[in-house]
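Asks: based on what follows, work out the 3D shape:
(chains A and B)
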There are 2 protein chains.
Amino acid sequence: MLATLIHGERDIPVEEVPDPVLSTGGDAIVRVVAACVCGSDLWPYRGVVPTTKPKRIGHEFVGIVEAVGAEVANVSVGDFVIAPFYDCDMSCVNCLNGVSTSCLHGGWWGSKDRLGGFADGAQGEQVRVPHADGTLKVVQSGMPAPELIPHLLTLADVMGTGHHAAVSAGVGPGKTVVVVGDGAVGLCGVLAAHRLGAARIVAMSRHESRQALAREFGATDIVEERGEHGIARVMELFDGIGADCVLECVGTKESMDQALKSARPGGRVGYVGVPNGGPELPMRLLFNSNIGVAGGVASVRNYMDELLPDVLDGTIQPGKVFDLELPLREAAEAYAAMDERRAIKVLLRP
Amino acid sequence: MLATLIHGERDIPVEEVPDPVLSTGGDAIVRVVAACVCGSDLWPYRGVVPTTKPKRIGHEFVGIVEAVGAEVANVSVGDFVIAPFYDCDMSCVNCLNGVSTSCLHGGWWGSKDRLGGFADGAQGEQVRVPHADGTLKVVQSGMPAPELIPHLLTLADVMGTGHHAAVSAGVGPGKTVVVVGDGAVGLCGVLAAHRLGAARIVAMSRHESRQALAREFGATDIVEERGEHGIARVMELFDGIGADCVLECVGTKESMDQALKSARPGGRVGYVGVPNGGPELPMRLLFNSNIGVAGGVASVRNYMDELLPDVLDGTIQPGKVFDLELPLREAAEAYAAMDERRAIKVLLRP
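Replies: Have a look, this model is predicted:
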């Protein structure tokens, strides 16, 4: 079968690899219907994270189950499934606490899991899925209409992650919200905040097309300025004190600074931007203003139960973040388009 | 009248000072019935915070109103009142948001407030109270029984602050809790967690008398170890993953580290320890485990409505943290006793 492998900086061919096989009784083999490229995939692509030997890549996919191990009980051949950006058993104490990204037995696509098994990367024709009973969310209504596929695919990562930022920031009915970051996650954060009933949502964005999508997703205001000027604009919009809830969806020192200074005293920052270079949080600023910080790597598997019905009935259409679709064999172009910011997020079809 | 003044390191006499006078229409003059010494008062006492010229000190008191300005509506001469460790109007947007420590017009005892007025320190016979309508909580039932005075006095700071740590950590019925710090605030944190329905409360303490009080306040377990060994003990107690909620009541880098590593994935640290030397928060640790951090300088004035009834009817007896009582004129000995850890917290009576 075909799969994307990263060999090194900007060297990401689609190659013939062996078909996956069931290796434990809890595995499933899934034929990928759609996958996509994540902002975090750009780190090895750009060489920020060095690649020492060729490896499978990608961690977001939906597909159809082709085979299951003898111990698999909840997933059947022919099921249409969504996989989160990690594998998890959904039965350990952390999964039951709602934090399946800290599953005691799970792991990450494209690397060894905590039990030593290998999970394939997702940008390929097929994927071996460990802990299939826990990892895979079955769409009970069966094969979805083609136009639903992109929306369902966002539940693998960006929509669940935007939702996590909103939940972590305490977004609820009537709240005021600022979203820092206009990538796919930030835009999904706007949508999540709107879905949760926020009264006012400021999207911080300098890109016209992203501003338009943010407005479509529920943003009531756009702030183009950054840094001190951006904070000053936010203060103008919110009584001079800042917003109740701030979603940090970038992960740099600058974006976190922007987020912390956009929150009102007693407000909360929900962050999902992968901390890039480890910006540490300034305790004294937080202490003096009682600004809380919560979030982290989003347990999107836990959120699927809540979000899936709204995707299936069209209440939310997060798949609009995909503004380019390519065949799997053009994965390299998908990476280039995102790297050069020609596309927000690229969908790949095997 | 007599009042405590700090002149410099370990130089803290009680001296004759002018009686306070009403200086704005919103002031009140309160005759102090009981005051006390706070752990944070030890900073200038020890010279950690330098004192450049003699100044009034103390920020916790209860007393009887002796005079009110023309604009004061909610407080009357003869009322028994509790003051929080700051002054606040309780009508600005931050006060209404529950964050009266960020009052747009308030300030701190012993220094200028945000409007430029001076608020007396509290370790004296009388205090001029700015924004009396907001600052002072009237005990409607009148002059309390003498044995209630210490308990009421804790609402000025330590009980409200321990409660803030618990609320910020998300303590509620059935939760597992670790409390880092066995000072007056940590002990009140144990009591607050118990009051909020925690199922299990670990107090980290190496002092026998404090352990005993922690148990009396509701601690179910004591951990004497610190650092790595302390964290290992906490893990043993909580499924190898840590507690739902951790209260950080010290404010050092070591105590925050202990707190963060005692929380389970998805858990929350509520902190009220004044950040001493600014320990910054390690983002990657928080991100990977979804540990949230909230808290800060506690808005104890906002909590008085909730906590006062429980003090008045004897449900909670936080005043047990006072293990020494001295006349005001022996303030210097009160400071020495706390500095040398001969006392947890000292009550002063003018």
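
Asks: got the residues of chain A near chain B?
Replies: Chain A comes close to chain B at residues A:93-94, A:97-99, A:101-102, A:168, A:239, A:241, A:256, A:264-266, A:268, A:271, A:274-275, A:278-284, A:286-297, A:299, as judged by Cβ under 8 Å from any Cβ of the partner chain. Heads up, the C-betas are built off the backbone N, CA and C, glycines and all.

Asks: what sits against the residue lying closest to A:Leu22 once chain neighbours are set aside?
Replies: Of all residues not flanking A:Leu22 in the chain, A:Gly69 sits nearest, at 5.0 Å (Cβ to Cβ, 6 or more residues apart in numbering or on different chains). Taking Cβ atoms under 8 Å, 6 or more residues apart in numbering or on different chains, we find A:Gly69 in contact with A:22, A:24-28, A:132.

Asks: just A:Gly110 next, same as before
Replies: Contacts for A:Gly110 (Cβ under 8 Å, 6+ apart) come out as A:55-59, A:119-122.

Asks: how much space between the closest residue to it other than its chain neighbours and chain B?
Replies: Residue nearest to A:Gly110 in three dimensions, not counting chain neighbours: A:Gly121, with 3.8 Å by Cβ to Cβ, 6+ apart. Noted for A:Gly121: a distance of 21 Å to chain B, by Cβ to the nearest Cβ, to the nearest Å.

Asks: verify the stated contact: A:Gly121 with A:Ile57.
Replies: Yes. Counting by Cβ atoms under 8 Å, A:Ile57 is a contact partner of A:Gly121 at 4.5 Å.

Asks: what's in contact with whichever strand or helix holds A:Leu308?
Replies: Following DSSP states H and E, one finds A:Leu308 within helix A:300-312. Residues external to helix A:300-312 that are found in contact with it (Cβ under 8 Å, 6+ apart): A:82, A:84-86, A:88, A:90, A:95, A:98-100, A:134-135, A:137, A:139, A:141, A:144, A:148, A:151-152, A:154-157, A:159-161, A:163-164, A:195, A:315-318.

Asks: ok, now which ones touch the closest residue to A:Val274 other than its chain neighbours?
Replies: Leaving aside its sequence neighbours, A:Val274 sits nearest to A:Gly251 (Cβ to Cβ, 6+ apart; 4.6 Å). Residues near A:Gly251 by Cβ under 8 Å, 6+ apart: A:271, A:273-276.

Asks: among those residues, name the ones in strands.
Replies: Secondary structure from DSSP state E places A:Tyr271 of the contacts of A:Gly251 in strands.

Asks: which of the contacts of A:Gly251 has the most neighbours?
Replies: A:Tyr271 (31 neighbours; other Cβ atoms under 10 Å in any protein chain shown).

Asks: looks like that residue contacts A:Asp257 (just checking).
Replies: No. Judged on Cβ under 8 Å, A:Tyr271 makes no contact with A:Asp257 at a distance of 11.8 Å.

Asks: so which of the residues of chain A next to chain B are in helices?
Replies: A:93-94, A:168, A:256, A:283-284, A:286-289 (DSSP state H).

Asks: take these and write them to a markdown table, including distance to A:Arg10, pLDDT and neighbour count.
Replies: Listed next are these as a markdown table, based on distance: Cβ to Cβ, whole Å; pLDDT from 0 to 100; neighbours: other Cβ atoms under 10 Å in any protein chain shown:
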| residue | distance to A:Arg10 | pLDDT | neighbour count |
| --- | --- | --- | --- |
| A:Val93 | 42 | 97 | 16 |
| A:Asn94 | 37 | 97 | 24 |
| A:Ser168 | 34 | 98 | 24 |
| A:Met256 | 28 | 92 | 25 |
| A:Met283 | 40 | 85 | 23 |
| A:Arg284 | 42 | 86 | 14 |
| A:Leu286 | 39 | 92 | 23 |
| A:Phe287 | 44 | 93 | 19 |
| A:Asn288 | 45 | 93 | 16 |
| A:Ser289 | 43 | 96 | 23 |
